[in-house]
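1. what shape does this take:
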Amino acid sequence: MRFSAIITACVVLVAPTLALADPTGTYNVVGHNADDGSTYKGTVEVSRTGATYKVVWVISGKKSVGTGLGSHFENGGNAYVTGPATDKDSGLSVGYVNNDSFGICTYYRQADGSWKGVWTYGGSQKITSETWIPQ
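-> Okay, here's the model as predicted:
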């Protein structure tokens, strides 16, 4: 119960800064591998494709492609809604594939314009983090 109150308080505090967040763009990526915690770097490009987002990572020359759903606040910041991509989105949930695996990730826009999130891949029992920094 205490944890949900803290999360709610944080959401209320950052909600005004998340308006018109729109995740489309090109970013530098810094993340950590789920298996060993090692750091990786690369790029990611997010574009809107109708009601979804196309997300393309290039890390160490390897491409991963994902499809995402957007999320944003509505009702004066009292409800977080996931659905079709809009320029108001401050959250992004993505399923991705590459030659080796598939996975899921979720990101939220930060006050500095970066996007921070967590991800995992199919069959893993671990999650790890990734940050997107606007180019």
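
2. how many residues are close by the nearest residue to Asp89 once chain neighbours are set aside?
-> The spatially closest residue to Asp89, leaving aside those adjacent along the chain, is Gly70, at 3.3 Å (C-beta to C-beta, 6 or more residues apart in numbering). No exception for glycine: its C-beta is placed from N, CA and C like everyone else's. Other residues within reach of Gly70, judged by other C-beta atoms under 10 Å, total 24.

3. then Tyr53?
-> Around Tyr53 there are 21 residues (other C-beta under 10 Å).

4. tell me the secondary structure at it.
-> Here Tyr53 is recorded as strand under DSSP: H, G, I helix; E, B strand; the rest coil.

5. got it, and Ser93?
-> Going by three-state DSSP: Ser93 is strand.

6. can you pull up the bridge partners for it?
-> Leu69, Thr106 (DSSP bridges).

7. show me what contacts it?
-> Gly68, Leu69, Ser71, Thr82, Ile104, Cys105, Thr106 (C-beta atoms under 8 Å, 6 or more residues apart in numbering).

8. measure the residue nearest to Asp89 to Asp36 for me?
-> Counting by C-beta to C-beta, to the nearest Å, the gap from Gly70 to Asp36 is 32 Å.

9. number of nearby residues for Lys63?
-> Other residues close to Lys63 by other C-beta under 10 Å number 12.

10. in which helix or strand would I find it?
-> Assigned by DSSP states H and E, Lys63 belongs to strand 62-74.

11. so for that strand, what gets flagged as buried?
-> Neighbour-count burial for strand 62-74 flags Ser64, Gly66, Gly68, Leu69, Gly70, Ser71, His72, Phe73 (criterion: 16 or more other C-beta atoms under 10 Å).
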